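Participant: sequence below, structure please.
(one chain, ligands or ions: 1)
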Amino acid sequence: MVSVSRDTAGDASLDVVVVGAGFAGLYLLHRLRSLGFSVRVYEAASGVGGTWYWNRYPGARCDVESVDYSYSFSPELEQEWTWTERYAAQPEILAYLEHVADRFDLRRDIQFDTRITSCHFDETTDRWTLLTDGGERVVAPYCVMATGCLSTTKLPRVPGVESFAGPTFHTGQWPHEPVDFSGQRVGVIGTGSSAIQSIPHLARQAAQLVIFQRTPNFSVPAWNHPLDPDYVAEVKAAYPERRELCRQSQAGFPIEGTPGSASTATEEERAAQFGAKWQEGGLRFLGAFGDLLIDPAANEAASEFLRTKIRERVEDPAIAALLSPTDYPCGTKRLCVDTGYYETFNRDNVTLVDLRRSPIEAITPTGVVTTEATYEFDALVFATGFDAMTGTLANIDIRGTDDLPLIEKWHDGPRSYLGLAASGFPNLFFITGPGSPSVLSNMVVSIEQHVDWIADCLDHLRRTGLGRIEATPEAEEQWVDLVAQLAGLSLFEKANSWYIGANVEGKPRVFMPYLGGVNTYRAQCDEIAANGYQGFSLREGAHRVEARVR
Ligand code: N01
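Facilitator: All right, here's what the predicted structure looks like:
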């Protein structure tokens, strides 16, 4: 356990407090500890893993290829860990993170089963005071929110939602023990990525599966398969170059070259390219052409290609039509990656209910009532998503200078500088926060970049004898404008997605991720640091963080 000193009030006192022990919190703890900072991570779960701790629903799997969805900071770790499938399933990713926690001896500085409920900045001491749900007070000059982008689950706002008498499950809070739906009548609400991954599994087990769909999604096959040992050896031999390609790419994947334009391609060229990318599978489809998320006509060609595939995979044309999105451009809601999703609707025990035609009126103790019918169930699965990107931060009472609540500052949408910091909230950092590439990139690449930037920044402050860093209102304003401008150039604002907060009633409609690409973003962050943390005001703090040898 970290040797936590106590201040005069007897509160635990650290250099840095980190909230969350997922991919971000684990690496941050390792980096900061190596630099000699005293750090403690607070984690609500009973174990490490973040999103991969909670999302244990059947079929949960990453949509980024496993060899790229992994840390690059340790060449030894890269060589000793061997991924077994093209897209790793949840248990394998969790095992990887548990291995990382053990290998780097991280657990001794993580306090599990502890939720941070508030986080207040004290301007007289330039320190953050955090309260835990167990009543503990923690004081530190620096605080980092490594709370993840998709960690606060959301139930549908439907009368009686809590009244169902049988077991209910949310995909984002799945039990640790296997759930057996054999012989049961099961209802699933939602058809996003989590539903699309779990539905084929649920359909194989349940006696009857009824799926309630409000908005159909586009999905591309994963073509998942065990990894060939020769391929793994090749990847391991060339990891440094592969990682660099990821860092210098648009979205954090090892892609060389720039894709052409669908608008200038002929119909035959488009068909050939879409076909080739479909065969490659997964998110690569959106890389078929460079203008798919910018040009409406280019996107419509891709969308129609995907709809054709749905018609090929689903036997009943009426069901295929219901499953085919027509009112938003493909990719502007997260593209799903599936294994046998559409084919599941060819099964006799599966029913699709169109909520646009007959919305849910209520959930009752025995089932779901729509405007047209009543469905009785033994179990209900909510695959209804998350209050993404800001929900978890909003659930913590975060207050900056002048006691300003973050939730009030972000009332009309999140405002940050680089997605890393916010003016009025000195010495507070977000990892993959709103305003950074985050969810539109390979998260591990973006997390490592943020962790390294923050660690270098804290080291710089310590070496220069400074103790307070805060984004200036002007820099923040410019950054918020840039993020909005980039979103305006894209098609993303045409969809009611969680990227734009549309899935949460009352949430401001603001597109949250930065669309300039991880390559450009990294260069901007590096330049800002090299220029003495341009856009931040730095000064001596009322505290001093001393270098320690650990
Ligand atoms: O959540 P979602 P998710 N009545 O918000 C529906 C990542 N992820 O957990 O679209 C009826 O996408 C809602 O309908 P609508 C990935 O980034 C990755 O599936 O709002 N329906 C929608 O269909 C993903 O994007 C993987 O009309 C209601 C569904 O519930 C993100 O997590 C796997 C409703 C929610 O879909 C979130 O995915 C899983 C209501 N009142 C997740 N409220 C990988 O592959 C909501 N819905 C790595």
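Participant: residues in the stretch 101-250 of the chain within reach of the ligand, list them.
Facilitator: 150, 156-158, 171-172, 189-195, 197, 212, 214-215 (Cβ under 6 Å from any ligand atom). For the C-beta atoms, the positions are set from N, CA and C on the backbone; glycine is no exception.
Participant: ok but His450 is inside a strand, no?
Facilitator: No - with DSSP: H, G, I helix; E, B strand; the rest coil as the criterion, His450 is assigned helix and is not in a strand.
Participant: low-confidence ranges, the chain, go.
Facilitator: Along the chain, the model assigns pLDDT under 70 to residues 1-13, 544, 547-550.
Participant: make it 80
Facilitator: Counting by pLDDT under 80, the chain contains low-confidence ranges at 1-13, 256-258, 543-550.
Participant: centroid-nearest residue for it?
Facilitator: Central residue check for the chain by Cα atoms, centre = their mean: the C-alpha nearest the mean position is that of Cys149, 4.1 Å away.
Participant: so that residue makes contact with Thr390?
Facilitator: No - the pair Cys149 and Thr390 fails to qualify as a contact (Cβ atoms under 8 Å) at a distance of 9.1 Å.
Participant: residues of the stretch 451-550 of the chain that sit close to the ligand?
Facilitator: With Cβ under 6 Å from any ligand atom as the criterion, the stretch 451-550 of the chain comes near the ligand at residues Trp498, Asn503.
Participant: can you map out the strands along the stretch 451-550 of the chain?
Facilitator: Residue ranges of the strands in the stretch 451-550 of the chain, as given by DSSP state E, counting those that start in this stretch, are 468-471, 536-539.
Participant: which single residue in the stretch 1-150 of the chain comes nearest to the ligand?
Facilitator: When scored by Cβ to the nearest ligand atom, the stretch 1-150 of the chain has Asp63 as its residue closest to the ligand, at 3.5 Å.
Participant: now that residue, nearest residue through space, not along the chain?
Facilitator: Counting by Cβ to Cβ, 6 or more residues apart in numbering, the nearest residue to Asp63 once its immediate chain neighbours are dropped is Val337, at 4.2 Å.
Participant: how about the secondary structure of that neighbour?
Facilitator: Under the three-state scheme (three-state DSSP), Val337 adopts strand.
Participant: before we move on, what about Phe169?
Facilitator: Here Phe169 takes the strand state, with states given by three-state DSSP.
Participant: what's the closest non-adjacent residue to it?
Facilitator: Val381 (5.0 Å).
Participant: for the one you found, helix, strand, or coil?
Facilitator: Taking three-state DSSP as the rule, one finds Val381 in the strand state.
Participant: cool, and Val48?
Facilitator: coil.
Participant: that one: what's it in contact with?
Facilitator: Residues touching Val48, when contacts are defined by Cβ atoms under 8 Å, 6 or more residues apart in numbering, comprise Ala21, Gly22, Leu26, Leu97, Glu98, Val100, Ala101, Leu106, Arg107, Ile110.
Participant: and Thr332, by the same measure?
Facilitator: For Thr332, the residues meeting the contact criterion (Cβ under 8 Å, 6+ apart) are Leu293, Ser490, Leu491, Phe492, Lys494, Ala495, Ser497, Tyr499.
Participant: helices along the stretch 101-250 of the chain, start to end?
Facilitator: Remark: helices of the stretch 101-250 of the chain, listed N- to C-terminal, are 193-205, 229-237, 239-247; assignment by DSSP state H, counting those that start in this stretch.
Participant: now tabulate these in CSV and tack on mean neighbour count and distance to Phe289.
Facilitator: Formatted as CSV, the entries for the helices of the stretch 101-250 of the chain read as follows, by neighbours: other Cβ atoms under 10 Å; distance: least, Cβ to Cβ, whole Å:
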stretch, mean neighbour count, distance to Phe289
helix 193-205, 22, 23
helix 229-237, 12, 26
helix 239-247, 15, 20
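Participant: quick one: the residue nearest to Gly467 when sequence neighbours are not counted from Ala475, how far?
Facilitator: Counting by Cβ to Cβ, 6+ apart, Gly541 is the residue found nearest to Gly467 once chain neighbours are left out, at 2.2 Å. Taking Cβ to Cβ, to the nearest Å as the criterion, Gly541 is separated from Ala475 by 20 Å.
Participant: surely Tyr328 is in contact with Tyr499?
Facilitator: No - no contact is recorded between Tyr328 and Tyr499 when judged using Cβ under 8 Å, the distance being 11.5 Å.
Participant: phi first, then psi, for Arg157.
Facilitator: Here is the backbone geometry of Arg157 (degrees, to the nearest 10): phi -90, psi 90.
Participant: between the helices of the stretch 101-250 of the chain, which gets nearest to Gly367?
Facilitator: Nearest to Gly367, of all the helices of the stretch 101-250 of the chain, is helix 193-205, at 16.1 Å by Cβ to Cβ.
Participant: the residue of the stretch 51-200 of the chain found nearest the ligand: neighbour count?
Facilitator: With distances taken as Cβ to the nearest ligand atom, the stretch 51-200 of the chain approaches the ligand most closely at Gly192, which sits 2.2 Å away. Applying other Cβ atoms under 10 Å, we find 20 other residues in the vicinity of Gly192.
Participant: try Ala529
Facilitator: 15.
Participant: likewise for Glu65?
Facilitator: Other residues within reach of Glu65, judged by other Cβ under 10 Å, total 24.
Participant: again with the one 10 residues further on
Facilitator: Using other Cβ under 10 Å, Pro75 has 12 neighbouring residues.
Participant: can you pull the contacts of the closest residue to it other than its chain neighbours?
Facilitator: Nearest residue to Pro75, sequence neighbours excluded (Cβ to Cβ, 6+ apart): Tyr239, at 7.1 Å. By Cβ under 8 Å, 6+ apart, Tyr239 lies in contact with Ser72, Pro75, Glu78, Gln79.
Participant: now Val337
Facilitator: Asp63, Tyr87, Ser193, Ser219, Val220, Pro221, Ala222, Gly281, Gly282, Leu283.
Participant: shouldn't the last one be in contact with Asp63?
Facilitator: Yes - the pair Leu283 and Asp63 qualifies as a contact (Cβ under 8 Å) at a distance of 5.8 Å.
Participant: who's more crowded, these two?
Facilitator: It is Leu283, of Leu283 and Asp63, that has more neighbours when counted by other Cβ under 10 Å, with 21 against 17.
Participant: you'd agree that one is in a helix?
Facilitator: Yes - the assignment for Leu283, made by three-state DSSP, places it in a helix.
Participant: distance of it from Tyr231?
Facilitator: Relative to Tyr231, and taking Cβ to Cβ, Leu283 is found at 19 Å.
Participant: next: Ala44.
Facilitator: Remark: distance between Ala44 and Tyr231 (Cβ to Cβ) = 37 Å.
Participant: do Ile310 as well
Facilitator: Look at Ile310 and Tyr231: by Cβ to Cβ, they are 31 Å apart.
Participant: kindly report the same for Glu162.
Facilitator: Glu162 sits 48 Å away from Tyr231, taking Cβ to Cβ as the criterion.
Participant: do the same with Leu106
Facilitator: Using Cβ to Cβ, one gets 30 Å for the distance from Leu106 to Tyr231.
Participant: what sits against the residue nearest to Arg522 when sequence neighbours are not counted?
Facilitator: Distances taken as Cβ to Cβ, 6+ apart place Gln449 nearest to Arg522, at 5.6 Å, with adjacent residues excluded. When contacts are counted by Cβ under 8 Å, 6+ apart, Gln449 touches Arg247, Val518, Tyr521, Arg522, Cys525.
Participant: can you check Trp52 too?
Facilitator: For Trp52, the contacting residues are Gly22, Gln90, Ile93, Leu94, Leu97, taking Cβ under 8 Å, 6+ apart as the criterion.
Participant: likewise Ala495?
Facilitator: Remark: with contacts taken as Cβ under 8 Å, 6+ apart, Ala495 is in contact with Tyr328, Pro329, Thr332, Lys333, Ala502.
Participant: wait, what's in contact with the last one?
Facilitator: Yep, that's Ala502 we're talking about. By Cβ under 8 Å, 6+ apart, Ala502 lies in contact with Ala495, Asn496, Arg509.
Participant: measure how buried Phe164 is and give me the count.
Facilitator: There are 19 residues near Phe164, going by other Cβ under 10 Å.
Participant: nice, that's everything, thank you.
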